[in-house]
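**Student:** Quick one: sequence plus predicted model below, questions after.
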Amino acid sequence: MILCNFFELMMTCLFHFRYIGKKQIISASWNEEKSKTLPAQRQRPLVTRSVAAIDTSSSATFLPLTDTEASQRAVLEANMSHEVGLIVLDVLGQYCMNFKNQLDANDGDNPLMLKVKEIFITILQFGQSETLYKHTFASLRALVNKFPIAMFKGSSTLVGDLCVEILKCCNSRVPSTRNEACALLYLLMRSNFEFTGRKEFVRVHLQVIIAVSKLISDADSGRFQESLAIVNNYANNDKAMQNSHFPSQVRDLTKKIRTVLMATAQMKEHENDPEMYVDLQYSLAKSYSSTPELRRTWLESMAETHNKHGNYSEAAFCYIHIAAILAEYLKRKGVYPKGCSVFKSISANVEEDEKGVKDDGGMQDVQYTEEHFVDQLEKITKALEKAERFELIGEVYKLAIPYYEAQRDFTGLAAAYGHLHQAYQTVLKVMMSQKRWLGNYYRVAFFGAMYFGADDGKQYIYKEPKVTGLVDISQRLVSLFGNKFGVDNVELIRDSGKVDQSKLDDKIAYIQISFVKPYFDDKDLEERKTEFERSNNIRRFVFETPYTKGGKAHGSVDQQCMRKTILTTSHTFPYVKKRIKVMYENHQELSPIQVAIDEMNTRVKELQQVTSKISPDIKGLQLKLQGSVSVQVNAGPTAYAAAFFGKNQEKNWSSQHVWELKQVFKYFLIACSECLDVNAKLVKSDQFEYHEKMKNNFEEMVQHISELVGENVLEELPSMKRKSSASQVFSVISDSTGNIGY
């Protein structure tokens, strides 16, 4: 304990005697003298050399430092900093030489070695003279040679923290410092290789890649490339290593570092394009799928990027994938048998992405425990709460609570159940209010090989936060690519139809954006009862393109056709990134009567959703009613009835489709009747007349449809009303529309 305090004192000395540069020294001297000369209660103006004296009872004469004085002060500060650094290095050297056993205790994972490491890192972090840096690197080389067990067998944090600072020095503007850092880095690799019996240097390899990943924003590619070349030269010219695999392994490591640097350069190029930036991070994370620590590093970087741009769902799912990495690691170690498959109920992507951890060098240098896993789960619950995906919090705690129970951690259990109570209370509130928006989806297609390269002709589904509208995403992407390619070179395709690329200008970058909705068939709708379930683990989307046989986009009701385009993405939403590539595309062509069936089916579902709420929203209810029963004869449901019912019209269409449309109309009238019943219970006295008007309109509509159908629908409603259900409506239309419910 006393020794640890002594080491703390040495770090304090390093901090206070650090060299801060000539300009800072002059500024500090100015402020120091000023504080001595100014009165305590009031501030006097600065005096000049022409002033003979000031009242010494309140202040002394203040004279700014001359250039000579400033230079002398800077030299004194530099010499003092240099001397303090040398003393600290000397003390560390003496201690390491005489107390090796204490520092090697527990394979170097002890407080004393931790303090020694912190002191060396403190010296490297502060700006030092070239001479002191040379002495520091010499001391570090001695440390590596003297304590191989602590370096390469104990905790990886010792080597990891050193690698971060060494790579910073490899990026130094001072050539001598870069050379010293390269020599130390090479020694670490060589010593690790020797420690493993000349097999590999996994620890240094991993920690260097992790360090590079952390420093990508600060790295200068030119200086870094020069340092990598120096390390390669050391390996190629080391005669003792010529007959081993060591030189090739060093080349492999430097090649991977260059790959990261190239990706970094691309990231800088696309730093204003959040989707492309995350895609590049995703590619790097994917390239390290068999190495837990490296993949985790990149997933954490992606989560940071998502949080920065307000994409909280994507950030939460980055944390989920990290937890899956830990679970799979623990499975391979025989600690957690289920592995990453436990996250299947949360995300369908997890098992596919994270089950690739292999029993290779990528697992030998990490020490994850169940405690690390549970800490990550707690981090996920907070992220999910921020993303407003409260329903998933319970699924996460199902994994954490057994650990708390096994550990008799009643504090953790109390906190977990308290958080669960709060989450489910919030679920009830948002289900009643219907005021939660988990994002909108858009299909974005790119055209123009000269600008988009490999993305030319590709389609993506973009997930935009909250209630981002079509205008908002269109303006954002046009502005983004306009800044990248030039405003005059970017054009937005407003039509959602199929694009004939042969008719496009090669010199223009085209962007086609269409609003899409999640697509569900009848089975999906039966299984996904809530709005949240219809916003989680989704990968199929649909958008509609209206057309007529005559070539126009829009026509009369009996001419209006519809093409439904169903897109399937490579992964489900939400995911670790907010845009996912479209893998499959299917089309469904709807005839005018099928369009009518589909539209009426949608109206029925909307009305039923309003009445099925625990506390119906009267404003929303009345808006739906007004749009259904108060429409003009030539619009809405009445227009469909006039176009497809009656002997003269029905003969033009399939009898099966006509029957199905009649059935859907009957269920539509039932839904309207139920909405009127609910409205009658909720309406206040000042709206009674408005309610009666809607009721009269409904009765007129029923009468009009009855005349067209040739049946007294009004008499059938009471009996049908008792039997009606959403599933019956779906079954009525499923044959005619080819399962187009969504």
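**Tutor:** Perfect, I can see it now. Residues are numbered from 1 along each chain as shown.

**Student:** for the protein, what's the longest helix?
**Tutor:** Looking across the chain with DSSP state H, the single longest helix is helix 67-98.

**Student:** Can you list the buried residues in that helix?
**Tutor:** Neighbour counts over helix 67-98 (16 or more other C-beta atoms under 10 Å) mark 70, 73-74, 77-78, 81-82, 84-85, 88-89, 92-93, 95-96 as buried. C-beta here means a position set from N, CA and C on the backbone, and glycine is covered the same way.

**Student:** cool, stretch 446-462 as well?
**Tutor:** Quick answer for stretch 446-462 (16+ other C-beta under 10 Å): Phe446, Phe447, Gly448, Tyr451, Phe452, Asp455, Asp456, Gln459, Tyr460, Ile461, Tyr462.

**Student:** what does stretch 468-480 give?
**Tutor:** Thr468, Ile473, Ser474, Leu477, Val478, Leu480.

**Student:** Extract the CA atoms of it and return them as PDB.
**Tutor:** Extracted in PDB, the C-alpha atoms of stretch 468-480 (Å, rounded to 0.1, in the frame of the first residue of the first chain):
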ATOM      1  CA  THR A 468     -39.300  11.100 -40.800                       C
ATOM      2  CA  GLY A 469     -41.300  12.000 -43.900                       C
ATOM      3  CA  LEU A 470     -40.600  11.300 -47.600                       C
ATOM      4  CA  VAL A 471     -39.700  15.000 -48.100                       C
ATOM      5  CA  ASP A 472     -37.300  14.900 -45.200                       C
ATOM      6  CA  ILE A 473     -35.200  11.900 -46.400                       C
ATOM      7  CA  SER A 474     -35.400  13.100 -50.000                       C
ATOM      8  CA  GLN A 475     -33.900  16.500 -49.100                       C
ATOM      9  CA  ARG A 476     -31.300  14.900 -46.900                       C
ATOM     10  CA  LEU A 477     -30.000  12.500 -49.500                       C
ATOM     11  CA  VAL A 478     -30.100  15.000 -52.400                       C
ATOM     12  CA  SER A 479     -28.200  17.500 -50.200                       C
ATOM     13  CA  LEU A 480     -25.700  14.800 -49.100                       C
END
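
**Student:** Mind checking the pLDDT average for that stretch?
**Tutor:** Per-residue pLDDT values across stretch 468-480 average out to 94.

**Student:** got it, and stretch 565-578?
**Tutor:** 96.

**Student:** now stretch 225-239
**Tutor:** For stretch 225-239, mean pLDDT rounds to 91.

**Student:** Could you dump the buried residues of stretch 446-462 into a markdown table and include pLDDT, distance to Tyr424 and secondary structure?
**Tutor:** Output for the buried residues of stretch 446-462, formatted as a markdown table (pLDDT from 0 to 100; distance: C-beta to C-beta, whole Å; DSSP: H, G, I helix; E, B strand; the rest coil):
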| residue | pLDDT | distance to Tyr424 | secondary structure |
| --- | --- | --- | --- |
| Phe446 | 96 | 42 | strand |
| Phe447 | 96 | 47 | strand |
| Gly448 | 93 | 49 | coil |
| Tyr451 | 93 | 49 | helix |
| Phe452 | 92 | 45 | helix |
| Asp455 | 92 | 42 | helix |
| Asp456 | 94 | 47 | coil |
| Gln459 | 96 | 38 | strand |
| Tyr460 | 97 | 35 | strand |
| Ile461 | 97 | 30 | strand |
| Tyr462 | 97 | 31 | strand |
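
**Student:** thinking again about what came up before, name the helices or strands packed onto the longest helix of the chain?
**Tutor:** helix 2-16, helix 22-37, helix 111-125, helix 130-146 (3 or more C-beta pairs under 8 Å, 6 or more residues apart in numbering; DSSP states H and E).

**Student:** Lowest average confidence across the ones you listed, which one?
**Tutor:** helix 22-37 (a mean of 58).

**Student:** coming back round to it: between which two of the buried residues of stretch 446-462 is the distance greatest?
**Tutor:** Tyr451 and Ile461 (20.7 Å; C-beta to C-beta).

**Student:** quick one, strands of the protein?
**Tutor:** 440-447, 459-464, 490-493, 509-518, 538-547, 561-573, 579-590 (DSSP state E).

**Student:** From the contact counts, what lies against the fourth one?
**Tutor:** The elements that strand 509-518 packs onto, with contact taken as 3+ C-beta pairs under 8 Å, 6+ apart, are strand 440-447, helix 449-452, helix 470-485, strand 490-493, strand 538-547.

**Student:** In contact with Ser244, which residues?
**Tutor:** Neighbouring residues of Ser244 by C-beta atoms under 8 Å, 6 or more residues apart in numbering: Phe193, Arg198.

**Student:** same deal with the one 10 residues further on?
**Tutor:** Contact criterion C-beta under 8 Å, 6+ apart gives Leu228, Val231, Asn232 as the residues in contact with Thr254.

**Student:** Could you verify my assumption that Lys355 touches Tyr329?
**Tutor:** No - at 11.4 Å, Lys355 does not count as touching Tyr329 under the criterion of C-beta atoms under 8 Å.

**Student:** where in the protein is pLDDT low?
**Tutor:** Applying pLDDT under 70 to the chain flags residues 1, 22-65, 216-221, 356-366, 631-635, 713-742.

**Student:** again, 50 this time
**Tutor:** Residue ranges of the chain with pLDDT under 50: 38, 40-62, 359-362, 633, 722-741.

**Student:** one step back: adding mean neighbour count, write the helices and strands packed on helix 67-98 out as JSON lines.
**Tutor:** Converted to JSON lines, these look like this (neighbours: other C-beta atoms under 10 Å):
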{"stretch": "helix 2-16", "mean neighbour count": "13"}
{"stretch": "helix 22-37", "mean neighbour count": "14"}
{"stretch": "helix 111-125", "mean neighbour count": "19"}
{"stretch": "helix 130-146", "mean neighbour count": "18"}
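
**Student:** Distance to Lys255 for those helices - can I get that in CSV?
**Tutor:** Listed next are these as CSV, based on distance: least, C-beta to C-beta, whole Å:
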stretch, distance to Lys255
helix 2-16, 37
helix 22-37, 41
helix 111-125, 26
helix 130-146, 24
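
**Student:** Of all those, which one comes closest to Phe246?
**Tutor:** Closest to Phe246 of those, according to C-beta to C-beta: helix 130-146, at 16.1 Å.

**Student:** Out of the helices and strands packed on helix 67-98, which gets nearest to Val487?
**Tutor:** helix 22-37 (42.7 Å).

**Student:** Relative to Val174, which of the strands of the chain is closest?
**Tutor:** Among these, strand 579-590 comes nearest to Val174, with 42.8 Å by C-beta to C-beta.

**Student:** Buried residues, the closest one. List them.
**Tutor:** Across strand 579-590, burial judged by 16+ other C-beta under 10 Å covers Arg579, Ile580, Val582, Gln588, Leu590.

**Student:** Compute the number of surrounding residues for Gln242.
**Tutor:** Per other C-beta atoms under 10 Å, the neighbour tally for Gln242 reads 11.

**Student:** Check the buried residues of helix 67-98 against Asp252 and report the nearest one.
**Tutor:** Cys96 (32.4 Å).
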